[in-house]
Each structure stands twice: as C-alpha cells, then as structure tokens.
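Q: Here you go, sequence then predicted model.
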Amino acid sequence: MSAGTDWKAKWREELERELKDNILHYWMTRTVDEKNGGFIGRIGDDRQPDYEAAKSLVLNTRILWTFSAAYRVFKDDRYLAVAERAYGYVTDKFADREYGGFYWMVDAQGSPLEDKKQVYGQAFAIYALSEFYRAARRKEALDKAIETYRLLERHSYDPANRGYIEAHARDWSETDRLTLGGGDMNERKSMNTHLHVLEAYTNLYRVWPTEELNKTHKELIEVMLDRIVDPETAHFKLFFDDEWNSKSDLISYGHDIEGSWLLTEAAELCGDEALLKWTKETAIRMAEATLNEGVDADGGLLNEANAAGLIDTNKDWWPQAEAVVGFYNAYQLSGEDKYLDAARRSWSFIDRCIIDKEDGEWFWSVDRDGRPTGGHGKVNAWKCPYHNGRACFEMMERLISAH
C-alpha cells in the first residue's frame, strides 16, 4: 500500500477482495454438507471433507454470524442463502427444545453428542442470532437470542461476585466439566467466556436496546475492566475461581488485542461517558502492551507467553486477524502512528504468510519462520470464517468512517 492519500481506499479494496473472493467463496463452495445437512465438520490437511466429523456449536454459529453480516453489508442473496442454511441447522439440530439453550456438539447426522450448556457457546448463539436478525429481520431469531440471554442471566450469572460461570449440565444444573477443551483450565470463570458474552450482549443491544440489557451489559464491561484486565501489565488474566482469584499467569496476545477493541465497541454503545473514558484508556494500554511484547520482527503476532517469557511462538490465524482491528482501533483512539503501522504490518504479514493462495482460506498457523504448521486443516470445531471475515468487515467500515 502506498503512503499517499488514497491508502485507505486501496486497503479497503484489498480487504473486500479477500473477504468476497477468498474467505466467503471458500466457505460457500467447499463446506456445505450435501450428505448430512448443514456444514462439514472437518476438512483436514489433505483438503478432503470428513463427512463423519462431529459438528460444533461454535463453528455453526460463527458461519451464521459471518454470512448474516455478509448479506447485511453486500445485500447478495447468495450470502443470505448460506445464512438461512446455518440458521436452520442451528435452530433445528443444536437447540434444546426441552431445557432451552444450545448443545455444545452434535454428531455428523445432527444428533446431540455433547449436550452440556457451555456458556461460551450460548454467547455465540446470541451473537449469531442477533446478526441474523440485523440482516434478515426474522423476529423469531431475535426472540431466540433474547430467550438465551435470559437463560444465562438466570442460570450462569453469579450474583455474589458478578460475572458468569463457565458451563452447566444440559438442564442448567451444576457440572464439574467446565472447560472448553484443549489446554484450557477447568476453572469456574474465564476471560474467554466473559469476552464473548460481552461481544454477544453488544450485538444484541444493537437490536434490543432495553434498560434490562443496558444494565447487564454495562456491568459486564466493568467486570472485564476491574477483574480481568491486570492493572499492572494491561494483559488479560485468563482463569479464575468464583471470587476472581487468578489461577494462571498465561498471556494470550491474541485475546488481549481482540479484547481491546471489543471493549471499546461495547462501551461506545452503553452511553456511560465515565465508563467509556476508562475503557478507551485501558484499550490503548492493552494495545501498547501487545505491541511491545507480542509482535515479532516480521509483523506477526506471537501466540502466548507467561511470567517467564514466550511459550508459544507460533502465529495462529485468528490473532493476526484481531491484531489488524485492535491496532487500528488504538490508532483511532490515540492518533499515534505506531498503531497504524502495526495494523498495516499485521495485514502485510497475513497476506504474505497466513492466506493460502493455492487452496483458499487461511492456514491455521505458521511457525516463527512463516511455514504453515500441520494437523488442524482448514475446517474444524474452531476454524471458521468469523475472525478473518470479521476483521475484513470491521476494517472496511473503519476505513470509510470519518475518524
């Protein structure tokens, strides 16, 4: 990109081309499951669809969000058709008609496989249903989002300490199976769940701006700032007990930079000037810490560190997407060119190393030398069109805004 006055327009064109011709095109043409319905649960490193793979609530709600947003922005009926397919599958196969909420996983044929109520997953259902309502104005989608919001407030909210419990059994009773999976700790509260409940409530507030939601939304922003952001380091603390005692010294640079702009977005909606000021100051501090500690010499964002230093020097796809938006958000808030430079370097790194120019979509991860890592494929329970698609939508909007 040139340094001239038209750099915003050129960058915006790049983003729209990447979004339409690569990300959306891949998911429309490669992931529709014509055999079992819905979308294929896994496409591996061999690029072959696994029609027997389980299907996750996270993947399917993220597809619903992405194609709803695509239709809202571009008004292309092809995107609406994919959103309708995702909406139908989520509400038919994942929705629990007896106890409310949504199952965590279904099998390839759409029968419940893990029926626990993971709050992270419920949040993505709210997020996606709200976006589908924004795009298609289907009242039943909004009603379902509101119903799920009220289930979380009834069953997951901790009135003694504030915040939300990680997970419940199918009937919303207590469970000791709290973790999202992978290497996550099995603790009662986490940054990750709170971040995505915040994101969900922000999107719901756009279409349902009630006093009830304003109160819970505002409190959640305060909890994030007061309990989850470390006031000393400006990093998120990741895992907690009920009383918010931190259980880990892990630093996730991707979540830090993602959270910095999601908190800003949330506070801009809630109408509290003092809270907005606190949030903006915190967002800039988080972006600065991430820039100083987490950005490699090539412009890519490293995965993780702890108190002793870096522990995961791979560069997963989603932190790179969030870095573009998070650093640009810090530039908009502060006017400091170092954040604009960081955002542009992030996008350049994505273009050079993360976008798969041959097969389409983005690699899951590259190592510190820029070589793709194996084992994850292009589609799985977590690999979706949401982080990279959303980064394109966000940046396209920000690059034509007045500030």
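A: Noted; the coordinates are in hand.

Q: what are the ranges of the helices in the stretch 1-150 of the chain?
A: Using DSSP state H, counting those that start in this stretch, the helices found in the stretch 1-150 of the chain span residues 7-17, 25-30, 57-74, 77-89, 119-136, 139-155.

Q: What residues sit buried inside the fifth one?
A: In other words, helix 119-136. 119-135 (16 or more other CB atoms under 10 Å). Every C-beta, even on glycine, is put in place using the N, C-alpha and C of the backbone.

Q: With the second one instead?
A: Buried residues in helix 25-30, counting neighbours by 16+ other CB under 10 Å, are found at 26-28, 30.

Q: Between the helices of the stretch 1-150 of the chain, which one is closest to residue 265.
A: Residue 265 lies closest, by CB to CB, to one member of the helices of the stretch 1-150 of the chain: helix 119-136, at 12.4 Å.

Q: about what we covered before: among the helices of the stretch 1-150 of the chain, which comes closest to residue 287?
A: helix 7-17 (18.9 Å).

Q: What lies in contact with that closest one?
A: 1-2, 344, 347, 351, 392, 395-396, 399-400 (CB atoms under 8 Å, 6 or more residues apart in numbering).

Q: From residue 284, how far out is the residue nearest to residue 386 when sequence neighbours are not counted?
A: Distances taken as CB to CB, 6 or more residues apart in numbering put residue 62 closest to residue 386, at 3.8 Å, once the chain neighbours are dropped. From residue 62 across to residue 284, the span is 28 Å (CB to CB, to the nearest Å).

Q: Comparing the two, which shows the higher neighbour count?
A: residue 62 (24 against 20; other CB atoms under 10 Å).

Q: Quick one: residues contacting the more buried one.
A: So residue 62 contacts 124, 128, 384-386 (CB under 8 Å, 6+ apart).

Q: Just name the closest of the residues you listed to residue 50, please.
A: Scanning the contacts of residue 62 for proximity to residue 50, where the rule is CB to CB, the winner is residue 384, at 15.7 Å.

Q: rewinding a little: the helices of the stretch 1-150 of the chain: which one's closest to residue 333?
A: Here helix 7-17 is closest among the helices of the stretch 1-150 of the chain (CB to CB), at 17.3 Å.

Q: Give the rounded mean pLDDT of that closest one.
A: In this model, helix 7-17 has a mean pLDDT of 97.

Q: ok, the contacts of helix 7-17 vs residue 98, which is closest?
A: residue 392 (38.7 Å).

Q: Low-confidence ranges, this structure, go.
A: 1-5, 401-403 (pLDDT under 70).

Q: Report the separation between residue 9 and residue 16.
A: From residue 9 to residue 16 the distance is 11 Å (CB to CB).

Q: Specify which residue of those two has the higher count of neighbours.
A: A direct count of neighbours by other CB under 10 Å for residue 9 and residue 16 places residue 16 higher, at 17 against 13.

Q: so how far is residue 122 from the more buried one?
A: 32 Å.

Q: what does the lengthiest helix in the chain rub up against?
A: Looking across the chain with DSSP state H, the single longest helix is helix 273-294. The contact list for helix 273-294 (CB under 8 Å, 6+ apart) reads 218, 221-222, 225, 229, 233-236, 251, 253, 256-257, 259-261, 263-264, 266-268, 270, 301-302, 305, 323, 326-327, 329-330, 333-334, 338-339, 342.

Q: Looking at the buried residues of helix 25-30, which one is closest to residue 211?
A: Closest to residue 211, out of all of the buried residues of helix 25-30 and judged by CB to CB, is residue 27, at 37.6 Å.
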